[in-house]
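In: requesting a structural model of the entry that follows:
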Amino acid sequence: MLMERLDIIKSKNRRPCRGFGRQASLVEKIKNNEGQSLVEILVAVTVGFILISGAVTLITVSLKSSAQNKFIQGASFLSQDLIDKATIVSEYKWYCPASCTGNYGIYNLQKAPQHYYISTTTPLSSVIGDETVNLNGIVYTRYFYLENVSRDASNNIEANYTSTDEDPSTQKITVITSWQAPAGNSNVTFVKYLTRNLNLSFTQTDWSGGPTTPTDNTVLTPGRAYYADSGNVDYNSATGSIKIK
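Out: You can find the predicted model right below:
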């Protein structure tokens, strides 16, 4: 009987501790949850970094674009201003060689690559060189150059100038305004065709030289000739007059 009771007591002592097993399982779950939380945090941080980087890039590009547009607007304003001044000069004085009183006419200025700008004196006049202008704290450099123009038989401007087809009443003006940008020098270019249509070309009172055609020599300076007529014109009988027969 004593032996049986001892076996019963031993068997009772061998029963597992249910509370201890539950505690161990809870610890494992906590460890697993901590691991999952750490991974979630790392994923969230990575996603946030990517989003923030993208936003910073967009903001940087937007700021650069805004600054570039400011430069371009200022340069465009100065280019248009210089073209307007050159147009005024061309209307005031188109043809005026060295023997002329005052400044040369637009037509008589040296052609590209010679640089010019328009002075602020009165009256406006052309000056050799480049002009520096400070606009809204930005330093710009501007100038223009001129090119002769020729026309084809249909009176259209030719892409490539030929001296035999020159149009002495048209000049091609190119205005360039540049500035120093962080990435290097930048510039804007404006092009316009100036035409002689409002000013007095020259005064001529003797036509006894007759028409220059068919040799097709354009009359550029006062003299005794004129370019062409349709026939039946008397230019010899009275100096200074032309009569239709």
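In: by contact count, what packs against the longest strand anywhere in the chain?
Out: Secondary structure of the chain per DSSP state E: the longest strand is strand 166-181. Judged by 3 or more Cβ pairs under 8 Å, 6 or more residues apart in numbering; DSSP states H and E, strand 166-181 is in contact with helix 18-92, strand 138-150, strand 184-195. In short, each C-beta sits where N, CA and C put it, glycine included.
In: what pLDDT does the residue nearest to residue 72 when sequence neighbours are not counted get?
Out: Of all residues not flanking residue 72 in the chain, residue 188 sits nearest, at 6.2 Å (Cβ to Cβ, 6 or more residues apart in numbering). On the pLDDT scale, residue 188 is placed at 95.
In: now do residue 188 against residue 138, distance only.
Out: Distance, residue 188 to residue 138, by Cβ to Cβ, to the nearest Å: 13 Å.
In: settle it for me: which of these two has more neighbours?
Out: The neighbour comparison of residue 188 against residue 138 (other Cβ atoms under 10 Å) goes to residue 188, with 21 against 16.
In: the more buried one is in contact with residue 73, isn't it?
Out: No: counting by Cβ atoms under 8 Å, residue 188 does not reach residue 73; the two are 9.6 Å apart.
In: chain neighbours aside, what residue packs nearest to residue 76?
Out: residue 188 (5.6 Å).
In: which ones are touching residue 210?
Out: Neighbouring residues of residue 210 by Cβ atoms under 8 Å, 6 or more residues apart in numbering: 225-226, 235-236.
In: please flag which of those sit within strands.
Out: 225-226.
In: so where is this protein shaky, pLDDT-wise?
Out: 1-39, 44, 48-49, 51, 53-67, 98-102, 198-202, 214-221 (pLDDT under 70).
In: got the domain boundaries for it?
Out: 62-195, 202-245 (automatic domain parsing).
In: single out the most deeply packed of these.
Out: domain 62-195 (a mean of 15; mean count of other Cβ atoms under 10 Å).
In: now do the same end-to-end measure for stretch 150-163.
Out: 7 Å (Cα to Cα, to the nearest Å).
In: and the contacts of that stretch?
Out: So stretch 150-163 is in contact with 147-149, 164-167, 170, 193, going by Cβ under 8 Å, 6+ apart.
In: now do 7 Å
Out: Contacting residues not belonging to stretch 150-163 are listed as 147-149, 165-167 [Cβ atoms under 7 Å, 6 or more residues apart in numbering].
In: same check, this time on stretch 186-199
Out: Against stretch 186-199 from outside (Cβ under 7 Å, 6+ apart): 71-72, 75-76, 79-80, 83, 86-87, 90-94, 106, 149, 169-179.
In: quick revisit: adding distance to residue 117, write the contacts of stretch 150-163 out as CSV.
Out: CSV is the format used below for the contacts of stretch 150-163 (distance: Cβ to Cβ, whole Å):
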residue, distance to residue 117
147, 17
148, 20
149, 21
165, 30
166, 25
167, 25
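In: tell me which two of the residues you listed sit farthest apart.
Out: Spatially, the most separated pair among the contacts of stretch 150-163 is 147 and 165, at 14.0 Å (Cβ to Cβ).
In: could you find the closest non-adjacent residue to residue 243?
Out: residue 234 (4.1 Å).
In: fine, thanks again, bye for now.
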